[in-house]
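J.: Need coordinates for the below:
(one chain, ligands or ions: 3)
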Amino acid sequence: MRDLDLSPARREVTVRYRNGQTAQVSIFHNDQTLLQTAQQARVPLSVRDDRQEAATASFVANGLLVLVLLLGLGVLLRRSAQMANRALGFGRTQARVQETTSATVRFEDVAGIAEAKQELQEVVTFLRAPERYTAVGAKIPKGVLLVGPPGTGKTLLARAIAGEAGVPFFSMAASEFVELFVGVGASRVRDLFRKAKAKAPCIIFIDEIDAVGRQRGAGIGGGNDEREQTLNQLLTEMDGFEDNSGVILLAATNRADVLDSALMRPGRFDRRITVDLPDRRGREEILAVHARSRPLASAVNLADWAARTPGFSGADLANLLNEAAILTARRQQQEVDDAALTDALERITMGLSVAPLQDSAKKRLIAYHEIGHALVTTLLPAADKLDKVTLLPRAGGVGGFARTLPDEEMLDSGLITRAFLKARLVVALAGRAAELVVFGPSEVTQGAAGDLDLVAQISRTMVTRYGFSSLGPLALESESGEVFLGRDWLRGDPQYSEQTGRRIDAQVQDLARRALAEAVALLAPRRVLMDQLVDLLILEETIEGARFRELVTRHEQAGFPEADPPSPHQPPGRLVSA
Ligand code: ADP
Ligand code: MG
Ligand code: ZN
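T.: Numbering: from 1, shown residues only. Ligands and ions are numbered 1, 2, ... in the order given. This next block holds a predicted model:
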């Protein structure tokens, strides 16, 4: 034995022999015998202090723990600092800045809404070659409002403009402006415009602008302060940037009716572009756009599919093709065929809120109602010009609509004639009149409720404010604050006697009744023409104003009045028999 190496912590002795070998021997706790034996044999004994090692190890471990804790704390601190930062920079807009290179949407990707596209093409020229306009002193519009039902391609159009013009595109949903804290929305608006101005020429796109642009002061209690502040800031910014600064504001909404009138003033959203649901041909084009990226079986006829999807928006159509493609993949087929499309259509229509108008009896009734409006507005010289009549539902509404173009001259002068208002009444009641003429008094529907509201409003104003009745040339009521919910009880006492009140009511009712009679008188003898127009409308879904006028003129010239005018209310009409 050469020496002993005692390691008390491990209760072990390492014995080293002279020949260099070693051995481990376990000992008991507090074993004195080993010590004594070693002393007697004069074998050097060294005691290794393991506790030191252990202490070092635990020190290191503890140190590590502290380090980890400190690091953790640091991360937490940093995170909270970031949060504080974010809270402070809350107003910074999170608008997504889309650079030209990444804008992949082109006009050719937008189909079926040719009119809107054409009008927006000009905006592209504004951005690309502003000199052409500024050279002749023309002011470039600041704001363009896209109005139309959801899914018709408004956002898509805005992207396409940016893509075509090759300018940066700042997009933001208006709901993002409205935040928890008062004032945040306004500062976001400021920020968005500041960023945009730095990058002019560019496009700012505010989606769903009705979220901030609602009529101010609506409702009892002053409305929503934060929203109003945001809207005010938006108006200020729009006024603030100089003409022709190269920033064009695009906004989209499907509720143009609730927008604040201040937004629509000249110099703000002075262009308004309607994006309607696509008609049959439009749907075919949209289907073709979305079929480009999908292998269609050669037997698939897109025109047939367009005919089977009345009332579908562009988004619905894109969805239809996508569902069909998914089904095709699931069935491990190579091409999208009619079977897949049929199943996809079934799925989609199940989840649709407004079922496409396929019920032909209901569709016919709506068609007669709308043709009534359209025909009367075309026949009355004093009425507005027909823009188009369609069976495609309007946003949030049922059935179709007949839309007129406002008389530019009247708009400019702000003067409305008595003849025009009378014609408005007749046109408004023409839908109900058509139902009466074709289906009889017991089959008329509540579909005319909106028209009747309008009639009440117009006729009452004619009597009480414009002096267009035998009650004499004086205003019996003054203009009332329009947006207050409870305006009727806020208006206070009427300034006329009870007797005059009764005469007002009688006059108002008389105006309405006469208007309905006039509409019936115009429609009843034109039953054949109405039938033709309804058939055409059901076939094509939309008739443009010019075409409609042409058809009417041709009919009027070719031997009107009809030889044998069917008497009103008889025969029972198609709805009853369908
Ligand atoms: P909106 O903004 O009017 O609600 P979007 O522009 O967001 O509708 O349209 C949603 C999707 O539907 C688009 O991304 C596109 O795929 C499809 N889509 C809608 N309209 C059209 C159209 N006119 N042409 C082609 N695709 C369309
Ligand atoms: Mg949109
Ligand atoms: Zn109507």
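J.: Taking this structure, what residue is nearest to ligand 1?
T.: As assessed by CB to the nearest ligand atom, ligand 1 sits closest to Gly314 within the chain, at 2.1 Å. From N, CA and C alone the C-beta is placed, and that goes for glycine too.
J.: you'd agree that residue is up against Thr152?
T.: Yes - counting by CB atoms under 8 Å, Gly314 does reach Thr152; the two are 5.7 Å apart.
J.: Now do the same contact list for Ala116.
T.: By CB atoms under 8 Å, 6 or more residues apart in numbering, the contact set of Ala116 is 146, 148, 157, 273-275.
J.: how far away is it from Gln40?
T.: 111 Å (CB to CB, to the nearest Å).
J.: same check, this time on Lys388
T.: Computed as CB to CB, the Lys388 to Gln40 distance reads 122 Å.
J.: Show me whatever sits in contact with both of Gly314 and Thr152.
T.: 113, 278.
J.: What helix or strand is Asp531 located in?
T.: With secondary structure defined by DSSP states H and E, Asp531 is part of helix 527-540.
J.: Can you name the next helix or strand after that helix?
T.: Downstream of helix 527-540, the next assigned helix or strand under DSSP H and E is strand 542-544.
J.: Which pLDDT does the model give the closest residue to Ala383 other than its chain neighbours?
T.: Using CB to CB, 6 or more residues apart in numbering and skipping the chain neighbours, the partner closest in space to Ala383 is Ala423 (4.0 Å). pLDDT, Ala423: 94.
J.: now swap in Leu296 and tell me
T.: pLDDT recorded at Leu296 is 90.
J.: which bits of the protein sit near ligand 1?
T.: By CB under 6 Å from any ligand atom, the residues of the chain that approach ligand 1 are 110-113, 150-156, 252, 286, 289, 314-315, 318.
J.: Can you pull the residues of the protein lying near ligand 3?
T.: The chain comes close to ligand 3 at residues 431, 451, as judged by CB under 5 Å from the ion.
J.: now the strands for the chain?
T.: Using DSSP state E, the strands found in the chain span residues 3-7, 12-16, 22-26, 45-47, 96-98, 143-147, 169-173, 202-207, 247-253, 271-274, 385-390, 401-405, 542-544.
J.: For those strands, which has the smallest mean pLDDT value?
T.: Among the strands of the chain, strand 96-98 scores lowest, at a mean of 51.
J.: Please work out which residue of this structure is closest to ligand 3.
T.: Residue nearest to ligand 3 within the chain: Gly431 (3.2 Å; CB to the ion).
J.: and that residue, how many neighbours?
T.: Per other CB atoms under 10 Å, the neighbour tally for Gly431 reads 29.
J.: quick one: pLDDT of it?
T.: In this model, Gly431 carries a pLDDT of 94.
J.: Surely it and Ala449 touch.
T.: No - the pair Gly431 and Ala449 does not pass the contact test of CB under 8 Å, sitting 10.4 Å apart.
J.: what sits against Ala324?
T.: Neighbour list for Ala324: 294, 336, 340-341, 343-344 [criterion: CB under 8 Å, 6+ apart].
J.: List buried members of those residues by neighbour count.
T.: Buried by 16 or more other CB atoms under 10 Å: 336, 340-341, 344, out of the contacts of Ala324.
J.: can you give me the end-to-end distance of stretch 166-185?
T.: Terminal residues of stretch 166-185 lie 29 Å apart, using CA to CA, to the nearest Å.
J.: Stretch 332-340 too?
T.: 12 Å.
J.: Give the buried residues for it.
T.: In stretch 332-340, counting by 16+ other CB under 10 Å, buried: 336-337, 340.
J.: Give me the domain ranges for the protein.
T.: 3-49, 96-274, 280-349, 361-558 (automatic domain parsing).
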